[in-house]
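*Asks:* Structural data only, the sequence is not supplied:
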């Protein structure tokens, strides 16, 4: 990514970066009202950096949208507000007020209902409310089996449904961004990145990420083999259950009661890269949401989850 | 899903991490596809590659073991295919039905694999996977040898410009690891491959289920002296060094944050560019010099193929998205008629004469296929005459664009020669193709600018040339109403002409029948004639069933805006059928007429006609009066401004 050298051949990451920039620019050139979904995680951080590169010296010509479930880690909210200030981009925060009024929470309703109401429904509300016709998401094909078949430009019906049989063939780097009124696109500029690529890029580009990715002593309780961090006093403890301080970090970040920590000593990005080179567990293991049953991610996608 | 963490062989606690990553970055990326027939074991092969290179995490392995017991086809053993079969629907059917991309890495290279399906009807997915691949792994079942699909996939591989092929002859365990069987299949395949221009073939005997010759050479086949599959994939040179080609960059987006900056953003499609280089802008042919190559990481002294950059020119030149910047002394050809290969990817067939949107590089144009020269029988490579292309057909066609574009033959440059076709109504991607060369006639025929223009011709007649397009079911009353309008206008001293469906079919279109294909051509010709008449200043009445939206839209787009009025002569089918002035509905119902609109051929109602006539309410005379009034309101009965 460095400007000083004129490479004779692009490295793996330079190829990925150039491809992502191409994708970001195609959407801006062909869609009326794009928006970037910003979930505060490491993938969002990389996607935002790529957007800044794609349109430099102009700022990215679209706002950021955070669909807030109100259950994110406190450290995530802090980084989100900092990023909004520093990027100079407009940040739209959307909360599903109906869900909030019904008192939907991951603690009382479980991951399935909470995710559906606060994330999936919340996202649809926000897209409809602002009339966005294309939304960038940070999903990668290497994350999960059903995502390996996802298009870069994923077509959604007016009801935000994903129909696996109606996805458009994608050839070369030619993306079909045409759609009728009400229909929309979800676009994934990081489709061909792997988790390792993302970390390597964060390292090279020195991108700020939520400190929760780095190991530190944190209060956790162990539930069904998963370490859940007690980030505030909303997490009800079972009788006799007491948070203990463990040296942990997170590989992915979501709603804190739904996100499992791993025990780790990796306190810097290079530590994380070293740890990954030796790790034996996959990234989504810490996400309770994927374990709801066979094909559960696919089901969520059909319903409009990212 | 598979973690693409590189192997750990090169890293020890003592190694400097940055040095290790730097080395990894240099090794480059290989994109390949796997293809073969159903049950040749593609998914098993990829699952095995991931498993053998220890790229499956423990939790995934645990999930895989559980899945294997539940839905696997291999009893208590691990079913590797389940690792890569993502969607529930295909798990149930036991086949892969879409392109899936897998990622893995070794210490020598990073890989992206497109897993493409073997079913004949899914050729479009295979073409999709092949479009971005550097190499193809073609699987053959050792018990079955080279099959029809093997030939089809090999042809597609060669068509899409992949030169390197691995012929993986699988299930060697089921033929007793027999060398003679392997050699016979290899020879058979090479003979076919040579005919389609595939010469860089490496044949490897494997057993994906048992892992033989996947990662390491197999003891069971000591007679084989070549590399194991992964060894070969790690070592094979990556195709195409486009750095030394002339510079080309399609302009993707014009970056204008303020008055002081104007940059042209795009991804370099070939060659190299430096500040000071003189460039030509196509298709306009204007030229300028590169002032800066801007990136967020600072200005570059040089940009090479593959990089996404923003170019600032020394002089102000009118450039927009879709233009191509090229080396000044090696510009591209500019043309609007081409010979091309089209791969059809949609259930509704490609019709000659219909307009589609065509996207190539960063430009979208209107394109018409006329004519289809032939289809290719991919099994025999024979040329077959064709009037339409069905799903998965491959045809050699002539394409006509609505404007000239700069292009390169696909064989020279995938970016500037590859295209997709988009349906104008549904916006589906319905086909893909490759431009081969410009037709000579498009270079030599230039639009002749005439001194007496359409405005002069219309002014002479104290009216404006226009087209009144009456569409509706047979028996709706179109001709009756058109006739009445014609009489009224002539009585007012207007200059008119009436093109009637039945009459035109006796002359100009007497060679056409009633298939969808012919209906499209019927309307195309009439629209072109109506356009000439409107240009001549005539009020042109067109009375045609014209059942398809797409052709009516094509007609509308031919005319000057505001001079095309679509009149929907609306009648319920039952009413038209009861009237049946020509007895055609009765014939159609008896099966004596086929492709009859409303009976066994669809009528697509207008969505936004300028005028809708409800013939169950209005008598023909009233309808004619209303339409003439609409013409007057639209200012078409007064001389042009």
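*Replies:* Thanks, I have it. Keep in mind it's a predicted model, so treat the numbers as computed, not measured.

*Asks:* which SS class is the spatially closest residue to residue A:80 that is not a sequence neighbour?
*Replies:* Leaving aside its sequence neighbours, residue A:80 sits nearest to residue A:40 (CB to CB, 6 or more residues apart in numbering or on different chains; 5.0 Å). Quick note: C-beta positions are derived from backbone N, CA and C, even for glycine. Classification of residue A:40 by DSSP: H, G, I helix; E, B strand; the rest coil places it in coil.

*Asks:* show me the contacts for residue A:40.
*Replies:* A:66, A:72, A:76-77, A:79-80, A:83, A:210, A:253 (CB atoms under 8 Å, 6 or more residues apart in numbering or on different chains).

*Asks:* How about the residues of the stretch 401-550 of chain B by chain A?
*Replies:* Counting by CB under 8 Å from any CB of the partner chain, the stretch 401-550 of chain B comes close to chain A at B:414-415, B:418-420, B:422, B:427-429, B:432.

*Asks:* could you dump those to CSV with neighbour count and pLDDT?
*Replies:* Shown next, in CSV, are these (neighbours: other CB atoms under 10 Å in any protein chain shown; pLDDT from 0 to 100):
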residue, neighbour count, pLDDT
B:414, 22, 94
B:415, 23, 95
B:418, 23, 97
B:419, 29, 98
B:420, 26, 98
B:422, 23, 97
B:427, 17, 93
B:428, 19, 93
B:429, 27, 94
B:432, 25, 96
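
*Asks:* Check residue B:68 and give its pLDDT.
*Replies:* On the pLDDT scale, residue B:68 is placed at 68.

*Asks:* what's the answer for residue B:554, then?
*Replies:* Taking residue B:554 on its own, its pLDDT is 88.

*Asks:* tell me the contacts of it?
*Replies:* Contact analysis of residue B:554 by CB under 8 Å, 6+ apart lists B:354-355, B:523-524, B:527.

*Asks:* Please apply the same query to residue B:603.
*Replies:* B:473, B:545, B:547, B:597.

*Asks:* and it, that's in a strand?
*Replies:* No. Residue B:603: not assigned to a strand; according to three-state DSSP it is coil.

*Asks:* pLDDT of stretch B:460-480, averaged?
*Replies:* Mean predicted confidence for stretch B:460-480 is 91.

*Asks:* what do you get for stretch B:233-253?
*Replies:* Over the span of stretch B:233-253, the pLDDT mean works out to 84.

*Asks:* What's the end-to-end length of it?
*Replies:* 37 Å (CA to CA, to the nearest Å).

*Asks:* One more: stretch B:199-213?
*Replies:* 22 Å.

*Asks:* Now that stretch: buried residues?
*Replies:* Buried positions in stretch B:199-213, judged by neighbour count with 16 or more other CB atoms under 10 Å in any protein chain shown: B:201-209, B:211-213.

*Asks:* quick revisit: and which of the contacts of residue A:40 is nearest chain B?
*Replies:* For the contacts of residue A:40, the closest approach to chain B (CB to the nearest CB) belongs to residue A:83, at 16.4 Å.

*Asks:* Show the contacting residues for that closest one.
*Replies:* A:38, A:40, A:45, A:48, A:64, A:91, A:208.

*Asks:* what does residue B:116 give?
*Replies:* Residue B:116 touches B:33-35, B:42, B:96, B:99, B:122, B:125-126, B:128-130, counting by CB under 8 Å, 6+ apart.

*Asks:* So which of those residues sit within strands?
*Replies:* B:33-35 (DSSP state E).

*Asks:* Let me have the residues you listed in CSV, adding pLDDT and distance to chain A as columns.
*Replies:* Below are those laid out as CSV (pLDDT from 0 to 100; distance: CB to the nearest CB, whole Å):
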residue, pLDDT, distance to chain A
B:33, 93, 12
B:34, 89, 13
B:35, 85, 15
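
*Asks:* Now which of those residues would you call buried?
*Replies:* Buried among those (16+ other CB under 10 Å): B:33-35.

*Asks:* Tabulate those residues (a markdown table), appending distance to residue B:587.
*Replies:* Converted to a markdown table, those look like this (distance: CB to CB, whole Å):
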| residue | distance to residue B:587 |
| --- | --- |
| B:33 | 52 |
| B:34 | 54 |
| B:35 | 49 |
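
*Asks:* where do the helices sit along the stretch 1-150 of chain A?
*Replies:* According to DSSP state H, counting those that start in this stretch, the stretch 1-150 of chain A carries its helices in the segments A:12-30, A:42-55, A:74-87, A:97-101, A:106-114, A:122-130.

*Asks:* okay, the ones you listed in TSV with mean pLDDT next?
*Replies:* Output for the helices of the stretch 1-150 of chain A, formatted as TSV (pLDDT from 0 to 100):
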stretch	mean pLDDT
helix A:12-30	96
helix A:42-55	98
helix A:74-87	95
helix A:97-101	93
helix A:106-114	88
helix A:122-130	95
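
*Asks:* Can you lay out those as TSV showing distance to residue B:138?
*Replies:* Output for these, formatted as TSV (distance: least, CB to CB, whole Å):
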stretch	distance to residue B:138
helix A:12-30	25
helix A:42-55	35
helix A:74-87	47
helix A:97-101	51
helix A:106-114	43
helix A:122-130	42
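
*Asks:* out of the ones you listed, nearest to residue B:308?
*Replies:* helix A:12-30 (3.8 Å; CB to CB).

*Asks:* How far off centre is that closest one?
*Replies:* 18 Å (CA atoms, centre = their mean, to the nearest Å).

*Asks:* and residue B:47, how many residues sit next to it?
*Replies:* 26 (other CB atoms under 10 Å in any protein chain shown).

*Asks:* Using the three-state scheme, assign it.
*Replies:* Residue B:47 ends up helix, using three-state DSSP.

*Asks:* Distance of residue A:132 relative to residue A:99?
*Replies:* Distance, residue A:132 to residue A:99, by CB to CB, to the nearest Å: 20 Å.

*Asks:* do the same with residue B:304
*Replies:* Note on residue B:304: its distance to residue A:99, by CB to CB, is 50 Å.

*Asks:* hang on, the earlier thing: now do the residue nearest to residue A:80, the pLDDT please.
*Replies:* In this model, residue A:40 is scored at 96, pLDDT.

*Asks:* looking at chain B, which helix or strand is least sure?
*Replies:* helix B:88-93 (a mean of 49; mean pLDDT, DSSP states H and E).

*Asks:* next one: chain A
*Replies:* helix A:296-303 (a mean of 53).

*Asks:* among the contacts of residue B:116, which ones are buried?
*Replies:* B:33-35, B:42, B:96, B:99, B:122, B:125-126, B:128-130.

*Asks:* if I look at the residue in the stretch 451-600 of chain B that chain A sits nearest to, how far off is residue B:505?
*Replies:* Closest contact between the stretch 451-600 of chain B and chain A, by CB to the nearest CB, is at residue B:549 (13.2 Å). Distance of residue B:549 to residue B:505, given as CB to CB: 21 Å.

*Asks:* Same question for residue B:44.
*Replies:* Distance of residue B:44 to residue B:505, computed by CB to CB: 58 Å.

*Asks:* Looking at the ones in strands among the contacts of residue B:116, spot the one nearest residue B:262.
*Replies:* residue B:33 (40.7 Å).

*Asks:* Please list all residues in contact with that closest one.
*Replies:* Residue B:33 makes contacts with B:113-116, B:126, B:129-130, B:133, B:135-137, B:157, B:162, as judged by CB under 8 Å, 6+ apart.

*Asks:* tell me the domain ranges of chain B?
*Replies:* Chain B breaks down by automatic domain parsing into domains covering B:17-235, B:242-327, B:334-444, B:454-633.
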